[in-house]
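1. sequence? don't have it. structure:
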């Protein structure tokens, strides 16, 4: 069975600093996809970043980047130059080829001014 | 404006009273999906659909039904709601599936079953 684990229920970071959210997963598939989603207080879910497992290169979207360690089944999200608007719940997710998606329980990120 | 809409946004009902939550998208997306979000549990997928007349079970399909008769609509049906279905529900869609295309979420439906 596929699982996604986010071990940090809450984290805080000073504005303009860098923070890393951790995510580990388990799957028996070799072809899969990983995602980070953001849910701000508005509750609107927003895709932050997507990573294909067959790609060695870590995905990057502006201030957001991932550290994808396939052998360790780890997929952490790094947010650089944290901004107040980054305060949100962040969900890590895994999708196999069957198009079924599994989410982690989330990490609530607080940005301290 | 490209969007996913859900109705109603809030609903309070009683055990056993059938209800339908509608979901509609205007982006001609192939893939649609329903999720429920509960505190401490994250999001869990209920059902998804890759195309018209094609639906598949997600992680927690028990107690729910869906249909995909038209590409734009993907209603979620609770035939006999129970209190453990009290939750925040999200509908989402993407062009060809989240593996390759961004998944867009609706605003959510807060359901309370008494």
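-> Looks like it came in fine. Just so it is clear, the model here is predicted, and its values are computed rather than measured. Numbering: from 1, shown residues only, chains lettered A, B, ... in the order given.

2. now do the contacts for the nearest residue to residue B:57 once chain neighbours are set aside.
-> Computed as Cβ to Cβ, 6 or more residues apart in numbering or on different chains, the closest residue to residue B:57 that is not its neighbour in sequence is residue B:47, at 6.1 Å. Heads up, the C-betas are built off the backbone N, CA and C, glycines and all. For residue B:47, the contacting residues are B:33-34, B:55-58, B:61, B:64, B:66, B:76, by Cβ atoms under 8 Å, 6 or more residues apart in numbering or on different chains.

3. can you name the next helix or strand after the strand or helix carrying residue B:47?
-> Remark: residue B:47 resides in strand B:42-51, with elements defined by DSSP states H and E. Next along the chain after strand B:42-51, taking DSSP H and E as the criterion, comes strand B:54-57.

4. pull out the buried residues from stretch A:47-55.
-> Of the residues in stretch A:47-55, A:47-51, A:53 count as buried by neighbour count, 16 or more other Cβ atoms under 10 Å in any protein chain shown.

5. same check, this time on stretch B:64-81
-> Neighbour counts over stretch B:64-81 (16+ other Cβ under 10 Å) mark B:64, B:66-68, B:71-72, B:74-76, B:78, B:81 as buried.

6. quick one: stretch A:80-95 near chain B?
-> Yes. With Cβ under 8 Å from any Cβ of the partner chain as the criterion, chain B is reached by stretch A:80-95 at A:91, A:93, A:95.

7. which SS state does residue B:40 fall under?
-> Taken by DSSP: H, G, I helix; E, B strand; the rest coil, the conformation at residue B:40 corresponds to coil.

8. show me the contacts for it.
-> Neighbours of residue B:40 in contact, by Cβ under 8 Å, 6+ apart: residue A:105.

9. quick one: pLDDT of it?
-> pLDDT recorded at residue B:40 is 89.

10. residue B:111 versus the residue nearest the centre of chain B, what's the distance?
-> Nearest to the geometric centre of chain B sits residue B:34, at 2.9 Å (Cα atoms, centre = their mean). From residue B:34 across to residue B:111, the span is 12 Å (Cβ to Cβ, to the nearest Å).

11. common neighbours of those two, please.
-> residue B:89.

12. chain A against chain B: which residues are in contact?
-> A:6, A:33, A:35, A:43-47, A:50, A:52, A:91, A:93, A:95, A:97-106.

13. could you redo the last one with a cut-off of 7 Å?
-> By the rule Cβ under 7 Å from any Cβ of the partner chain, the part of chain A lying against chain B is A:33, A:35, A:43-45, A:47, A:91, A:95, A:99-106.
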